[in-house]
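In: Build me a model:
(one chain, ligands or ions: 1)
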Amino acid sequence: MGGKPIWILIIAAVLLLIWLAACRRSAKEAGSAGGDGSGLLPVKGAGGRADAAAASADDPSAGDSRPPGASRHAEARRAMVLHQIEQPRDGRTPVRSQAVLEAMRAVPRHAFVPPELEAEAHADCPLPIGHGQTISQPYIVARMTELLGLEPDSKILEIGTGSGYQAAVLAEITPHVYTIEIVEPLAERARTVLREQGYGQVKCRAGDGYLGWEEEAPFDGIIVTCAPEDLPPPLWEQLKPGGRIVIPIGEAHGLQRLELVTKTQDGERRTELVEWVRFVPLTRQQEP
Ligand code: SAH
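Out: The predicted structure follows:
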């Protein structure tokens with residue numbers, strides 16, 4: 001007498017505990033992935049846990065055209081743009097292009113950094129993104145974007161996708177963005193985050209950006225976010241007359257020259273030193 005109901009109660013209590021634990025775990029993952037607070041976003045690639053199927057569940061084309069992450073940290077982005085980019089107080093050249101400033105306010109930078117660095121996402125410095133690589137400092141992203149002199153229909157090639165953040169900033173200004181990353185897991189992750197955040201129109205490729213993207217050439221602008229020792233000839237060849245390349249050039253692990261290279265209408269090269277910078281080196285694909 002009475003033994004049966006007690007067992008049923010114990011089993012029900014254990015099942016309830018398991019269910020509660022599962023709920024708590026999934027809520028935690030949604031939160032640390034830097035979602036929009038609704039808890040509906042799939043886990044992001046930035047944590048290395050998402051796959052393409054999870055990303056496609058978050059259809060960026062549905063409804064609101066703003067990136068899903070844009071509602072979070074909007075004030076931090078506004079302050080970042082004002083104090084680091086538009087009115088820096090430390091002698092850096094201010095970025096004046098309204099299109100670039102708008103783009104920097106719009107792209108949810110926190111979604112492109114690893115979840116554990118979300119609190120640092122808007123700091124005035126580069127941050128590690130894994131595989132020994134970094135997401136560039138906000139100021140340098142804005143400055144290089146401005147130097148490209150984008151028009152709303154410019155066709156742009158980026159070498160060094162990294163987190164995908166720079167590509168997203170470009171995509172706020174033009175729908176024709178092509179980006180190449182040599183570290184395959186980074187390329188995959190960037191593709192996922194870009195799609196989740198509504199930048200699915202960015203064309204991503206895993207490969208050696210030294211060779212450019214011949215099938216899609218010529219480009220109005222090329223931005224290189226890793227440093228070669230010299231301007232890769234294929235990139236020069238894939239630039240339209242009147243186009244610009246923004247590129248750090250110099251030795252690995254030293255200071256490099258950030259150059260603005262212009263191709264005149266008659267194909268001549270003009271090079272301007274913008275400033276001294278420090279980027280990760282451009283590496284070449286290993287022979288199989
Ligand atoms: N633009 C990135 C920052 C890139 S860091 C962002 O917004 O996050 C530079 C990136 O260039 C690294 O991810 C590195 O793996 C990549 N890289 C280095 N050599 C390369 C090459 N030959 N082709 C393509 N990508 C390269």
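
In: Worst mean pLDDT across the helices and strands of this structure, which element?
Out: None of the helices or strands of the chain scores lower by mean pLDDT, DSSP states H and E than helix 52-56, at a mean of 34.

In: Run through who's touching the helix or strand that comes right after that helix.
Out: Sequence-wise, the next helix or strand downstream of helix 52-56 (DSSP states H and E) is helix 74-80. Residues from elsewhere that reach helix 74-80, judged by Cβ atoms under 8 Å, 6 or more residues apart in numbering: 104-105, 107-110, 121-122, 124, 138. Where C-beta positions appear, they are placed from N, C-alpha and C, glycine not excepted.

In: mind putting the residues you listed in JSON lines, pLDDT, distance to residue 226 and neighbour count included?
Out: Output for the contacts of helix 74-80, formatted as JSON lines (pLDDT from 0 to 100; distance: Cβ to Cβ, whole Å; neighbours: other Cβ atoms under 10 Å):
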{"residue": "104", "pLDDT": "98", "distance to residue 226": "21", "neighbour count": "25"}
{"residue": "105", "pLDDT": "98", "distance to residue 226": "26", "neighbour count": "17"}
{"residue": "107", "pLDDT": "98", "distance to residue 226": "20", "neighbour count": "28"}
{"residue": "108", "pLDDT": "98", "distance to residue 226": "24", "neighbour count": "25"}
{"residue": "109", "pLDDT": "98", "distance to residue 226": "19", "neighbour count": "25"}
{"residue": "110", "pLDDT": "98", "distance to residue 226": "23", "neighbour count": "20"}
{"residue": "121", "pLDDT": "98", "distance to residue 226": "21", "neighbour count": "22"}
{"residue": "122", "pLDDT": "98", "distance to residue 226": "23", "neighbour count": "20"}
{"residue": "124", "pLDDT": "97", "distance to residue 226": "21", "neighbour count": "14"}
{"residue": "138", "pLDDT": "98", "distance to residue 226": "18", "neighbour count": "24"}
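
In: In strands, which of those residues appear?
Out: Per DSSP state E, strands hold no members of the contacts of helix 74-80.

In: how about the residues you listed in CSV, adding distance to the ligand?
Out: Listed next are those as CSV, based on distance: Cβ to the nearest ligand atom, whole Å:
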residue, distance to the ligand
104, 12
105, 16
107, 10
108, 13
109, 9
110, 13
121, 12
122, 14
124, 15
138, 10
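
In: among these, which are in helices?
Out: Of these, the ones assigned to helices by DSSP state H are 104-105, 138.

In: near the ligand, which residues of this structure show up?
Out: Applying Cβ under 6 Å from any ligand atom, we find that the chain lies next to the ligand at 133-136, 159-160, 162-163, 165-166, 180-183, 186, 208-210, 225-226, 280, 282-284.

In: ok but residue 276 is inside a strand, no?
Out: Yes: assessed with DSSP: H, G, I helix; E, B strand; the rest coil, residue 276 lies in a strand.

In: what bridges to it?
Out: Beta-bridge pairing of residue 276 under DSSP bridges involves residue 257.

In: so what's it scoring on pLDDT?
Out: Looking at residue 276, its pLDDT reads 96.

In: What is the burial count for it?
Out: Other residues within reach of residue 276, judged by other Cβ atoms under 10 Å, total 12.

In: and the gap between it and the ligand?
Out: 17 Å (Cβ to the nearest ligand atom, to the nearest Å).

In: Contact partners for the residue nearest to the spatial centre of the chain?
Out: Centroid-nearest residue in the chain, with Cα atoms, centre = their mean: residue 165, separated by 1.7 Å. For residue 165, the contacting residues are 107, 109, 112, 135-136, 141, by Cβ under 8 Å, 6+ apart.

In: at 7 Å what do you get?
Out: 107, 109, 112, 135, 141 (Cβ atoms under 7 Å, 6 or more residues apart in numbering).

In: In a markdown table, list these along with distance to residue 250.
Out: Shown next, in a markdown table, are those (distance: Cβ to Cβ, whole Å):
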| residue | distance to residue 250 |
| --- | --- |
| 107 | 28 |
| 109 | 27 |
| 112 | 26 |
| 135 | 20 |
| 141 | 19 |
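
In: and those residues, which two are the farthest apart?
Out: The span of the contacts of residue 165, defined through Cβ to Cβ, is set by 107 and 135 at 11.5 Å.

In: All set now, cheers.
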